[in-house]
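Participant: Sequence plus the predicted model coming up.
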Amino acid sequence: MPMPVKLIAENFVLTVEFSDGQIRQIDVRTFLGKGTNTDEIKKSLALFKTAQIEDDIAITWKNGFSLDPDAVYDEGVNIKSLPITGVHKKIQSHYKRSQRS
């Protein structure tokens, strides 16, 4: 399975670039199940933005919750295949800007 190489966490949407060039996206408010740690992430934008790739094998947050990147790859929307309109245009534009930094 491809490894996560970059992520952007904005507006409760997690956008992850993988080693095979795929860029997958999920809305954590609908993707994550119920639980203390996931409820915290879904309710706090500040906590949500602490998402990071840890050791190339997990997506983690400061509250200790971790997410298997394979789940994002398997269940996420491939944003490279979406039409460039509306919110997707904004997300892709932000992603391209973040690649330059």
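Facilitator: Everything's here; your move.
Participant: list the contacts for residue 11?
Facilitator: residue 45 (Cβ atoms under 8 Å, 6 or more residues apart in numbering). To be clear about C-beta, it is placed using only N, CA and C from the backbone, and glycine gets the same treatment.
Participant: ignore the last one, residue 16
Facilitator: 4, 6-7, 23-25, 59, 69, 72-73, 76.
Participant: immediately after the helix or strand it falls within, which helix or strand?
Facilitator: Secondary structure assignment for residue 16, by DSSP states H and E: strand 13-18. Moving toward the C-terminus from strand 13-18, the next helix or strand (DSSP H and E) is strand 23-27.
Participant: could you give the mean pLDDT of the helix or strand where residue 70 lies?
Facilitator: Using DSSP H and E, residue 70 falls within helix 69-75. For helix 69-75, the mean pLDDT works out to 92.
Participant: Kindly export it (C-alpha atoms) in CSV.
Facilitator: Listed in CSV are the C-alpha atoms of helix 69-75, where the atom choice follows Å, rounded to 0.1, in the frame of the first residue of the first chain:
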residue,chain,number,x,y,z
PRO,A,69,-3.5,5.8,6.2
ASP,A,70,-4.8,2.7,4.4
ALA,A,71,-8.3,3.7,5.5
VAL,A,72,-7.9,7.2,4.0
TYR,A,73,-6.5,5.7,0.8
ASP,A,74,-9.3,3.1,0.5
GLU,A,75,-12.2,5.2,1.5
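Participant: Which strands and helices lie in contact with it?
Facilitator: strand 13-18, strand 23-27, strand 58-60 (3 or more Cβ pairs under 8 Å, 6 or more residues apart in numbering; DSSP states H and E).
Participant: Of all the residues in it, which ones are buried?
Facilitator: For helix 69-75, burial by neighbour count (16 or more other Cβ atoms under 10 Å) applies to 69, 72-73.
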